[in-house]
Structures are given as C-alpha cells and as structure tokens.
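*Asks:* Sequence and predicted structure, then a few things I'm wondering about:
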Amino acid sequence: MRQCSWMLLLALAVGLAGCEFGVSWDSSEKQNARHIFQSLAEARRAAGLANELPRHWEPGGETVEPVLEALDDALMHATQVRNSVLTKAHPQLSVRFRTEYRPALRDLREYFRSGEIDSETDPRETLGEFTEWFYSNQHEFRWWRNHRRDLGLE
C-alpha cells in the first residue's frame, strides 16, 4: 500500500512538472507561428504609415504605395498561418484570425486602393478590436516557453 502511494505521488509530481511547460510545440509549428507576429508587425507598420499620409491622399496613388506594401506583407504572412497553429495557441484564435483579422486586412488594402470601404463594418475598428483582444489576452495563450525570445519580441 505504501509503495503504491509513493508511485502515485511520483506520477503526480511528474505530471505537474510537465504542465509547467504547457503545450508542446514542434519546430515546424514554431516556425509557422512566426507568421502571426510578422503579420501583426506589418499591420502595425501599415497603420503607422497611414497615419503619416497627407490629409487628402489619392487612393492607389504613389503616397499610399508604402501602406499597400505593408498591408500586402501583413496579409501574405496571415495567409501562411496554419489553422492548427492558431488553435494550439488559443482556442478562439483560429476563428477570430480567419473571420476578423484577415478580412480586415483585405478590406483595408481595398480601402487604400480604391478609397471605398466595401464591408458593413469599418476594417480599422475590426483590426483594432482584434489586436486589442490578442495582446490583452496573451496570458491565456499557450505559447512555448521562451517564445518571446525565440520570435525576437524581447
């Protein structure tokens, strides 16, 4: 009986130690997750460039070209993220990334090309809401240990 108790305690200790490391990420998943942060960085760069545009800018014109390039880069990275990686990071991330973030990037790109917003909601608001949720809920995300260092976020 006593030996069985020790075995149970040992198994429990090993299990708890394993929980400290959270979800297991392989190198392919880590590399793919990098696209999430690269996309967000490009979207942030696009917002900064858009804030520097003259008051009366020409849609699709030369002055908005850097904004369009940053949005294209953000969208390119966003489309490369696998759904399984998004779900592994957070149960809601896959749906929110596909239904809010990526469409908002596409709609913003179209806005800077044409000057018109085709969607019912303002993509700037949608993008703002998504990034607010993403960054304010990082404590709920299941990244690998040292992900910030590995991704160059520190």
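*Replies:* Perfect, thanks for sending it.
*Asks:* Averaged pLDDT, the helix or strand hosting Ala50. What do you get?
*Replies:* Ala50 belongs to helix 27-51 when assigned by DSSP states H and E. Average pLDDT, helix 27-51: 96.
*Asks:* Tell me the buried residues in the following helix or strand past that helix?
*Replies:* Using DSSP H and E, the helix or strand that follows helix 27-51 in sequence is helix 65-80. Judged by neighbour count using 16 or more other Cβ atoms under 10 Å, the buried positions of helix 65-80 are Pro66, Val67, Leu68, Ala70, Leu71, Asp73, Ala74, Leu75, His77, Ala78. Heads up, the C-betas are built off the backbone N, CA and C, glycines and all.
*Asks:* list the helices and strands the following helix or strand past helix 65-80 packs on?
*Replies:* With elements assigned by DSSP H and E, the helix or strand that comes after helix 65-80 is helix 83-89. For helix 83-89, the packing partners by 3 or more Cβ pairs under 8 Å, 6 or more residues apart in numbering; DSSP states H and E come out as helix 27-51, helix 93-96.
*Asks:* Low-confidence ranges, this protein, go.
*Replies:* When residues are selected by pLDDT under 70, those of the chain lie in 1-22.
*Asks:* give me that answer again for 80
*Replies:* For the chain, residues meeting the criterion pLDDT under 80 lie at 1-22, 118-119.
*Asks:* Need the nearest residue in space to the residue most central in space within it, chain neighbours excluded.
*Replies:* Within the chain, the residue whose C-alpha comes closest to the C-alpha centroid is Ile36; the distance, by Cα atoms, centre = their mean, is 3.9 Å. Counting by Cβ to Cβ, 6 or more residues apart in numbering, Val81 is the residue found nearest to Ile36 once chain neighbours are left out, at 5.5 Å.
*Asks:* mind listing what that neighbour touches?
*Replies:* By Cβ atoms under 8 Å, 6 or more residues apart in numbering, the residues touching Val81 are Asn32, Ala33, His35, Ile36, Ser39, Phe97.
*Asks:* cool, Leu71 as well?
*Replies:* Remark: with contacts taken as Cβ under 8 Å, 6+ apart, Leu71 is in contact with Glu42, Ala43, Ala46, Leu105, Leu108, Arg109, Phe112.
*Asks:* how about 10 Å then?
*Replies:* Under the criterion of Cβ atoms under 10 Å, 6 or more residues apart in numbering, the contact partners of Leu71 comprise 42-43, 45-47, 49-50, 64, 105-113.
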